[in-house]
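A.B. asks: can't give you the sequence, but here's the structure:
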């Protein structure tokens, strides 16, 4: 397996929840810049053609992620086929839960209780989505998650915004430069965070904890990404004839690749 198990700050149990929220806020902005909303709306509409569901259960939502925008865009485009969204997280922040639930229509809700990504069979019914956080899950647990979706005939869409293609030795050699670049990007992305709280400004520009942690997590996530071969190996050992897996690069309408997706659907 090419993937290596480095740490990310947002995975650490002792990591302050407010800083974790500031990091996920930046990830949301980055998704918007990369245009992943368009990709996900198209994926969901294609899935709906062959599989019926009225709810999406997003796992590992953090501060909300890109899914609220995705569902709003989808529902605006397909007014006769509306979808509800349930956001979930292992460490749900009360302030974020309250903000999401108060600021959005009833079609978008945030589950107040903790939900582990590996407990997919315990999640509410609907299409399960795991967006840009599958790489956080260690191999044995990731394999168990995929098998759980297959065994329980749960529809599952996993999306990662990047691919693990760079040779590891080159990743290490370029790390000092890449960390500096990503930290600088974090300074720029912060001004587009909504809602932009005072704490995010303080820990970005006065005490630069957020850009430094964001830079490490972003670079660490690249080598934590599962390659197509890694995923095929995990699926291959338990594959059945009544469940279909698809692993493909994700493309925008202009043909540009932006990460990849794994789609599991019961036949």
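C.D. replies: Ah, there it is. Fair warning: this is a prediction, and the values are worked out from it, not measured in the lab.
A.B. asks: run through the strands of the stretch 51-200 of the chain in chain order.
C.D. replies: Assigned by DSSP state E, counting those that start in this stretch, the stretch 51-200 of the chain shows strands spanning 55-59, 84-87, 108-110, 127-131, 156-160.
A.B. asks: go through those strands and name the closest to residue 263.
C.D. replies: strand 156-160 (5.5 Å; Cβ to Cβ). The way it works is simple: take the backbone N, C-alpha and C, and place the C-beta from them, glycine included.
A.B. asks: about what we covered before: next, format the strands of the stretch 51-200 of the chain as a markdown table and append mean pLDDT and mean neighbour count.
C.D. replies: A markdown table is the format used below for the strands of the stretch 51-200 of the chain (pLDDT from 0 to 100; neighbours: other Cβ atoms under 10 Å):
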| stretch | mean pLDDT | mean neighbour count |
| --- | --- | --- |
| strand 55-59 | 95 | 24 |
| strand 84-87 | 95 | 24 |
| strand 108-110 | 94 | 21 |
| strand 127-131 | 95 | 25 |
| strand 156-160 | 97 | 23 |
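A.B. asks: ok, now which ones touch residue 166?
C.D. replies: Residues near residue 166 by Cβ atoms under 8 Å, 6 or more residues apart in numbering: 222-223.
A.B. asks: if we can go back for a sec, distance to residue 33 added to the strands of the stretch 51-200 of the chain, as CSV?
C.D. replies: Shown next, in CSV, are those (distance: least, Cβ to Cβ, whole Å):
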stretch, distance to residue 33
strand 55-59, 20
strand 84-87, 21
strand 108-110, 22
strand 127-131, 15
strand 156-160, 16
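A.B. asks: ok, which of those strands comes nearest residue 43?
C.D. replies: Smallest distance to residue 43 across the strands of the stretch 51-200 of the chain (Cβ to Cβ): 6.4 Å, for strand 156-160.
A.B. asks: return the distance of the closest one from the chain's centre.
C.D. replies: 8 Å (Cα atoms, centre = their mean, to the nearest Å).
A.B. asks: tell me the helices and strands packed up against it.
C.D. replies: If you count contacts as 3 or more Cβ pairs under 8 Å, 6 or more residues apart in numbering; DSSP states H and E, strand 156-160 packs onto helix 36-48, strand 127-131, strand 257-266.
A.B. asks: pick the most deeply packed of these.
C.D. replies: Compared across the helices and strands packed on strand 156-160, strand 127-131 shows the largest average neighbour count, a mean of 25 (mean count of other Cβ atoms under 10 Å).
A.B. asks: partner strands of that one, parallel or antiparallel?
C.D. replies: Next to strand 127-131 in the sheet, as set by DSSP bridges, lie strand 55-59 (parallel), strand 156-160 (parallel).
A.B. asks: export those strands as CSV, with columns for distance to residue 4.
C.D. replies: Converted to CSV, the strands paired with strand 127-131 look like this (distance: least, Cβ to Cβ, whole Å):
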stretch, distance to residue 4
strand 55-59, 23
strand 156-160, 16
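A.B. asks: among those, which comes closest to residue 47?
C.D. replies: So among the strands paired with strand 127-131, strand 156-160 is nearest, using Cβ to Cβ, at 6.9 Å.
A.B. asks: which one's the longest helix in this protein?
C.D. replies: The longest helix of the chain (DSSP state H) is helix 168-189.
A.B. asks: and it, which residues are buried?
C.D. replies: By 16 or more other Cβ atoms under 10 Å, the buried positions in helix 168-189 come out as 171, 178-179, 182-183, 185-186, 189.
A.B. asks: and the closest residue to residue 178 other than its chain neighbours, what's its pLDDT?
C.D. replies: Closest residue to residue 178 apart from its sequence neighbours, by Cβ to Cβ, 6 or more residues apart in numbering: residue 219 at 5.4 Å. Note on residue 219: pLDDT of 96.
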